[in-house]
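A.B. asks: using only what follows, build the 3D model:
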Amino acid sequence: MTKRIEWIDIAKGIGIILVVIGHISQIKVLNNAIYSFHMPLFFILSGYLYKRKEKFAKSKLKKILIPYLVFASISFLYWVVIERHMREQDISPIKAGMNIFLARGGDSNYIFNVVLWFLPCLFMTENIFYILERKFTGKTLFFIILSSSFIGFLYPKVTDIRLPFCLDIVFLAIVFYYIGYELRKYIETKFIKKFNKNNLFISIQLLICIAIIIGFSIFEDGANMNNLKIKYYSIFFLTAIIGSYAIYLIANAIARNRIKSDVLKFIGKNSLYIMCVHEPIKRVVLLMMSKAINLQTELMRKDILWIFICLCIVIAVSSFVSLIIDRIKCYLKYKVCE
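C.D. replies: Numbers count the residues shown, from 1 in each chain. Purely as a prediction, here's the structure:
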């Protein structure tokens, strides 16, 4: 079994909490700041963990694509039977169901669970990068990735046709994956490790990162990789890297100082499951809270206190679901072994 990297689990934990906040909140400044880097963060972390190995595609099929098909099918059935009628959505179930297999990005294509685009996109990103990294190295690989960023920039300006398996998003995602892949060479050097041992210096860096993220989020009005709605690509790439670096600083400081972080590590280890289940859970929680306190969901989603309460409930329920999934996996493995 591969040894887990503590700061990576903590970073994933922080990242998935930001994802959930971004889906609950309707506070514009907060959402702009979060959306400026939260999804690139996961591609960067995945690239950081990249290792060339035998049966690479098979392992990714098992870890990413099969969970995607399972969660997409369950989300779709719940939406068709229950939620579609509650929300009075006039969308064809056939069209929505077809997208489980077409896996085209965009909120309208994943009406039953908007976050699921990430899994087929990550699956394609990992496998395409694996092919490229085996055949090309150094400057050649760099220029291929650079070309991909230009295609990703130009594609939504030329057409609004969404490609299967989120290939139109992969053009951008693979750039962040490559950044993570390259960063591993530098983050693990003695210089960087020594550089980030001074808590005062880390605090100064964090303040600068936060100031830049907030400042630029005013210009980049709600960047969205899933919908390919990015106003200024240069600003988006800059904030994505700076925001991800800020999360690295926080996660590394927590791990290095041995700060109690079991909850964050647990959330990080189960970030894939939480990513897949939190959106339907969030919608139910918001509806129940709205009825319980007799307040419109739109108003709740603009209030920090209610956002925090909803966040805690959604994370708790999603984590509980993750535990159940783990138990089911262990049971099935045991049965197979028998």
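
A.B. asks: quick one: buried residues of stretch 161-174?
C.D. replies: By 16 or more other CB atoms under 10 Å, the buried positions in stretch 161-174 come out as 162, 163, 165, 166, 167, 168, 169, 170, 171, 172, 173, 174. C-beta: built from backbone N, CA, C; applies to glycine.

A.B. asks: can you list phi and psi of the second one for me?
C.D. replies: In this case it means residue 163. phi -90, psi 150 (degrees, to the nearest 10).

A.B. asks: hang on, the earlier thing: inside helices: which ones of the buried residues of stretch 161-174?
C.D. replies: In helices, judged by DSSP state H, the following of those are found: 167, 168, 169, 170, 171, 172, 173, 174.

A.B. asks: with pLDDT as extra columns, can I get those residues in CSV?
C.D. replies: What follows is these, written out as CSV (pLDDT from 0 to 100):
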residue, pLDDT
167, 95
168, 95
169, 96
170, 96
171, 96
172, 95
173, 96
174, 97
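
A.B. asks: among the residues you listed, give me the pair with the biggest separation.
C.D. replies: 168 and 174 (11.8 Å; CB to CB).

A.B. asks: closest to residue 66 out of the buried residues of stretch 161-174?
C.D. replies: Of the buried residues of stretch 161-174, the one sitting nearest to residue 66 (CB to CB) turns out to be residue 165, at 14.8 Å.

A.B. asks: got the contact list for the closest one?
C.D. replies: 102, 103, 120, 121, 123, 124 (CB atoms under 8 Å, 6 or more residues apart in numbering).

A.B. asks: between all of the residues you listed, which two are separated the most?
C.D. replies: Pairwise over the contacts of residue 165, using CB to CB, the maximum falls at 102 and 123, 13.9 Å.

A.B. asks: between these two, tell me which one has more neighbours.
C.D. replies: residue 123 (21 against 15; other CB atoms under 10 Å).

A.B. asks: distance check, the more buried one against residue 37.
C.D. replies: Separation of residue 123 from residue 37 (CB to CB, to the nearest Å) stands at 22 Å.

A.B. asks: all helices for the stretch 101-250 of the chain, in order.
C.D. replies: 118-135, 138-158, 167-187, 190-195, 199-217, 233-256 (DSSP state H, counting those that start in this stretch).

A.B. asks: next, the buried residues of the second one.
C.D. replies: Of all the residues in helix 138-158, those buried under the rule 16+ other CB under 10 Å are 141, 145, 148, 149, 152, 153, 155, 156.

A.B. asks: go on, the fifth one?
C.D. replies: Burial within helix 199-217, assessed by neighbour count using 16+ other CB under 10 Å, is assigned to 202, 205, 206, 209, 212, 213, 216, 217.

A.B. asks: ok, so of the residues you listed, who is nearest residue 229?
C.D. replies: residue 217 (14.1 Å).
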